[in-house]
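Peer 1: Have a look at this prediction, sequence included:
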Amino acid sequence: MQRTVNAHLQFVLGGQSDMLFQIAVAAGTPILSESFTFTNDGRVYLPREIVDSHGTRILRFTGDPGNYEVFYSANVAGSRPIEPVREIDLVGYLRPSRYAESDALYMQARSMFAGLTGLALVNAVATWTHETLEYVPGSSTGTDSARTTLNAGRGVCRDFAHVVVTMLRACDVPARVAAVYAPGLSPMDFHAVAEAWVDGRWNVVDATRLAPRQSLVRISTGRDASDIAFLTNHIGNLRLSTVEVNAVSDSILADDHLSAAVLA
């Protein structure tokens with residue numbers, strides 16, 4: 001399966017800032033072609049690349065004040081090899097995190113999903129999240145967590161992923177989030193899904209049910225949204241004005257959302 005993905009960002013930077021972008025497809029992905037440009041009023045910046053243990057590629061540079069435009073595109077074929085699993089990751093992905101307060105929702109999760117294990121538990125959590133939350137574009141903020149999302153009863157993809165991850169961790173299932181390019185997604189954007197460690201592998205869980213899981217292209221992986229943000233800056237003020245994402249596949253697949261699926 002071949003997929004073409006691209007992203008276009010525009011923003012204004014008010015002062016010199018440390019810039020970190022997570023928009024490139026993960027290391028190890030079979031890339032046929034790839035390009036990216038970072039410009040500020042005509043000046044071109046060449047980022048250095050940092051790769052984490054999951055293959056997340058962080059493109060980093062120090063930016064000066066001005067008007068920025070970022071373009072990224074890639075053509076990929078097939079899937080990247082499944083990464084080796086480290087025991088420390090399975091331990092870490094059982095713990096509460098900033099946006100996935102599994103300790104605070106422990107009793108609720110244990111009561112609601114009592115007696116379920118394995119994929120049956122994962123499917124029950126995904127179905128419950130899908131039926132409990134309303135998907136509303138623009139309805140959440142960057143500081144919303146699983147608890148605030150459940151209180152509001154609505155959210156976007158990262159909120160759905162946070163709720164899934166939180167409930168699974170509370171039920172002793174290691175769970176993490178991934179940012180992906182998602183052919184078939186509507187409305188199109190950077191997409192976030194959850195992954196659950198069951199039967200010796202990471203199974204992708206998308207409680208929004210908005211995109212075929214088989215067509216997803218991994219960008220970044222981590223505990224919650226704090227680890228997978230497409231843009232982070234430190235020091236200078238940043239005002240984002242444009243985020244345009246597109247992802248297409250040569251063969252969009254049907255997805256029943258309840259079968260086991262792996263995101264390479």
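Peer 2: Structure's in. What do you need?

Peer 1: Sketch out the strands for the stretch 1-150 of the chain, chain order is fine.
Peer 2: With DSSP state E, counting those that start in this stretch as the criterion, the stretch 1-150 of the chain has strands at 2-13, 17-21, 31-40, 43-45, 48-51, 57-63, 66-77, 134-135.

Peer 1: got JSON lines for the ones you listed, with mean neighbour count too?
Peer 2: Backbone N, C-alpha and C define where each C-beta goes, glycine included. Shown next, in JSON lines, are the strands of the stretch 1-150 of the chain (neighbours: other Cβ atoms under 10 Å):
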{"stretch": "strand 2-13", "mean neighbour count": "19"}
{"stretch": "strand 17-21", "mean neighbour count": "19"}
{"stretch": "strand 31-40", "mean neighbour count": "14"}
{"stretch": "strand 43-45", "mean neighbour count": "12"}
{"stretch": "strand 48-51", "mean neighbour count": "10"}
{"stretch": "strand 57-63", "mean neighbour count": "17"}
{"stretch": "strand 66-77", "mean neighbour count": "18"}
{"stretch": "strand 134-135", "mean neighbour count": "14"}
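
Peer 1: Dump these to TSV, plus mean pLDDT and distance to residue 190.
Peer 2: Output for the strands of the stretch 1-150 of the chain, formatted as TSV (pLDDT from 0 to 100; distance: least, Cβ to Cβ, whole Å):
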stretch	mean pLDDT	distance to residue 190
strand 2-13	96	7
strand 17-21	96	11
strand 31-40	97	15
strand 43-45	96	21
strand 48-51	98	19
strand 57-63	97	15
strand 66-77	97	11
strand 134-135	96	15
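
Peer 1: closest to residue 226 out of those?
Peer 2: Among the strands of the stretch 1-150 of the chain, strand 17-21 comes nearest to residue 226, with 12.1 Å by Cβ to Cβ.

Peer 1: how far does the closest one sit from the chain's center?
Peer 2: In terms of Cα atoms, centre = their mean, to the nearest Å, the centre of strand 17-21 is found 19 Å from the chain centre.

Peer 1: could you dump that strand to CSV, C-alpha only?
Peer 2: Taking Å, rounded to 0.1, in the frame of the first residue of the first chain, the C-alpha atoms of strand 17-21 are listed here in CSV:
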residue,chain,number,x,y,z
SER,A,17,12.7,30.4,20.2
ASP,A,18,13.7,26.8,20.4
MET,A,19,11.4,25.1,17.8
LEU,A,20,10.6,21.3,17.8
PHE,A,21,8.4,19.7,15.0
